[in-house]
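S.K.: Pasted the sequence and its predicted model underneath.
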Amino acid sequence: MCGNQLSAAFHDSLDLKSTGSMPSTIRRHPSAPPAARSLTTDEQTLGQYIPLLYHYNMLQDEDRVGAFREAIDLVVKPGMHVVELGGGTGILSSLAARRGARVTCVERNPELVACARRFILANGLADNVNIIQADAMMFTPEAPVDVVICEMLHVGLLREKQAAVISAFKRNYLRAYETPLPLFMPEASILLIQPVEHDFNFAGYVAPVPLFQAPLISQPRTTELGKLEPYASIAYEEAIPNRFGVEQTVTAIATGSLNAVRLITQNVIAIDTDHQHAITWPNQCLVLPLDSPTDVRSGQSIQIVFDYVAGGSIESLIESLQVKTLPAN
């Protein structure tokens, strides 16, 4: 898995032991809908509507699909009722259906609904998967649910609507049923930040721009100036923050030119308590350039301040981003 290096750094950053213990806030697993609303420009920009080609490309993301398959095989049992919010092409719903679950797949985009129905039928799963065209923010299932799958994830919980959709589902569900909330997959997301020196020189053309990286800590253009520092831990069964106002102080582990910060998100899809193993999947890393580079020395304190709304734009985070070195005590 290409995220192994990131997973190791993630565990180190949270001081997890080799037993695979997780923060206590993360839950361990026990062994006719509204019509879709018209799309707004903001929703198209921020990720509620993603072009079909991106969904098609996600089918070949072996890390993502493999991690969800492992987690679904662990958690989903025959006869369960599983809901997927924002089902896309239906691949995650198909994994639950193959485990013998009855699946309700909710997707807003009519083109994707047609694709998913065609693919589910071609895979012989039409009797197990009911694909509904609806806005996941307004959806209430017709019967109680055992597991909810929702992968509307972007690094830092930016752009896409993971937080808003799951929060809305919980409100709708609790109004309809006097039963405990279902298990959510992912169970949790850990948001981390790191000061770095990044090479923005492209064939002699210097362009400090936001950049995505594969979910690997070691990158040829990036020098780590500080360790990964978690700034939010979200357990989806609990209250989900709508805003992240962060003032973080980190210690430099190397000397260099601090010209960027890197955002990393590690998602805990499920926890295998029997084997003390967390099934995780990392989003791509996001490098954000700073307006003015700052020289830092190993051991020096660095203050990182930023503020953004869950599901908001990358630009909104950049506008609030302030990084400075602190004088020695």
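M.R.: Structure received. Numbering: from 1, shown residues only.
S.K.: In the stretch 151-300 of the chain, mark out all the helices, start to finish.
M.R.: Listed in chain order, the helices of the stretch 151-300 of the chain (DSSP state H, counting those that start in this stretch) span 162-176.
S.K.: Spit out the contact partners of I50.
M.R.: The neighbours of I50, taking CB atoms under 8 Å, 6 or more residues apart in numbering as the test, are N109. C-beta: built from backbone N, CA, C; applies to glycine.
S.K.: quick thing: my sequence starts at 5, can you match it?
M.R.: Sure, I'll start numbering at 5, so the last one becomes I54.
S.K.: what kind of secondary structure is it in?
M.R.: The three-state label for I54, taken from DSSP: H, G, I helix; E, B strand; the rest coil, comes out as coil.
S.K.: Quick check, pLDDT for the spatially most central residue of the chain.
M.R.: With the centre of the chain defined as its mean C-alpha position, the nearest residue by CA atoms, centre = their mean is L157, 3.5 Å away. At L157, the model reports a pLDDT of 94.
S.K.: Just the pLDDT for the closest residue to it other than its chain neighbours.
M.R.: Counting by CB to CB, 6 or more residues apart in numbering, the nearest residue to L157 once its immediate chain neighbours are dropped is Q166, at 5.2 Å. Among the per-residue scores, Q166 holds a pLDDT of 96.
S.K.: residue contacts, Q166?
M.R.: Shown here is Q166, whose contacts under the criterion CB under 8 Å, 6+ apart are C154, E155, M156, L157, H158, S193, A314, G315.
S.K.: Go through the residues you listed and name the one nearest P214.
M.R.: When the contacts of Q166 are compared for distance to P214 (CB to CB), H158 comes out closest, at 12.5 Å.
S.K.: ok, now how distant is the closest residue to that closest one other than its chain neighbours from E111?
M.R.: Spatially, and ignoring its direct neighbours in sequence, H158 is nearest to E164 (4.3 Å; CB to CB, 6+ apart). With distances defined as CB to CB, to the nearest Å, the gap from E164 to E111 amounts to 14 Å.
S.K.: So the two - more neighbours on which side?
M.R.: E111 (28 against 21; other CB atoms under 10 Å).
S.K.: for that one, what are its contacts?
M.R.: Residues in contact with E111 (CB under 8 Å, 6+ apart) are G90, G91, G92, G94, V117, A120, I135, I136, Q137, A138.
S.K.: Let's have these in TSV, adding distance to P82 and pLDDT.
M.R.: Supplementary listing: these in TSV, determined by distance: CB to CB, whole Å; pLDDT from 0 to 100:
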residue	distance to P82	pLDDT
G90	25	95
G91	20	96
G92	24	94
G94	19	96
V117	26	95
A120	22	96
I135	20	98
I136	22	97
Q137	27	97
A138	26	96
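S.K.: Give me the subset of the residues you listed lying in helices.
M.R.: V117, A120 (DSSP state H).
S.K.: Show me which of the contacts of E111 are buried.
M.R.: Using 16 or more other CB atoms under 10 Å as the burial test, these include G90, G91, G92, G94, V117, A120, I135, I136, Q137, A138 as buried.
S.K.: Doesn't E323 belong to a helix?
M.R.: Yes - counting by three-state DSSP, E323 falls inside a helix.
S.K.: Find the least confident helix or strand in this structure, judged by mean pLDDT.
M.R.: Least confident helix or strand, the chain: helix 45-50 with a mean of 44, by mean pLDDT, DSSP states H and E.
S.K.: Check which element follows it along the chain.
M.R.: Following helix 45-50 in sequence order, the next helix or strand is helix 56-62 (DSSP states H and E).
S.K.: helices or strands up against that following helix?
M.R.: Contacts defined by 3 or more CB pairs under 8 Å, 6 or more residues apart in numbering; DSSP states H and E place helix 56-62 against helix 114-126.
S.K.: in the helix it packs on, what counts as buried?
M.R.: In helix 114-126, the ones that count as buried by 16+ other CB under 10 Å are L116, V117, C119, A120, R121, F123, I124.
S.K.: helices and strands around that helix, which ones?
M.R.: Secondary elements touching helix 114-126 (3+ CB pairs under 8 Å, 6+ apart): helix 56-62, helix 95-102, strand 106-111, strand 133-137.
S.K.: tilt between it and strand 106-111?
M.R.: What separates the directions of helix 114-126 and strand 106-111 is an angle of 150 degrees, with axes from the mean of the first three to the mean of the last three CA atoms, to 10 degrees.
S.K.: and the angle from helix 114-126 to strand 133-137?
M.R.: Computed by the same axes, to 10 degrees, the angle between helix 114-126 and strand 133-137 is 170 degrees.
S.K.: quick revisit: could the contacts of E111 go into JSON lines alongside distance to F248?
M.R.: What follows is the contacts of E111, written out as JSON lines (distance: CB to CB, whole Å):
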{"residue": "G90", "distance to F248": "21"}
{"residue": "G91", "distance to F248": "27"}
{"residue": "G92", "distance to F248": "26"}
{"residue": "G94", "distance to F248": "31"}
{"residue": "V117", "distance to F248": "32"}
{"residue": "A120", "distance to F248": "32"}
{"residue": "I135", "distance to F248": "33"}
{"residue": "I136", "distance to F248": "32"}
{"residue": "Q137", "distance to F248": "32"}
{"residue": "A138", "distance to F248": "29"}
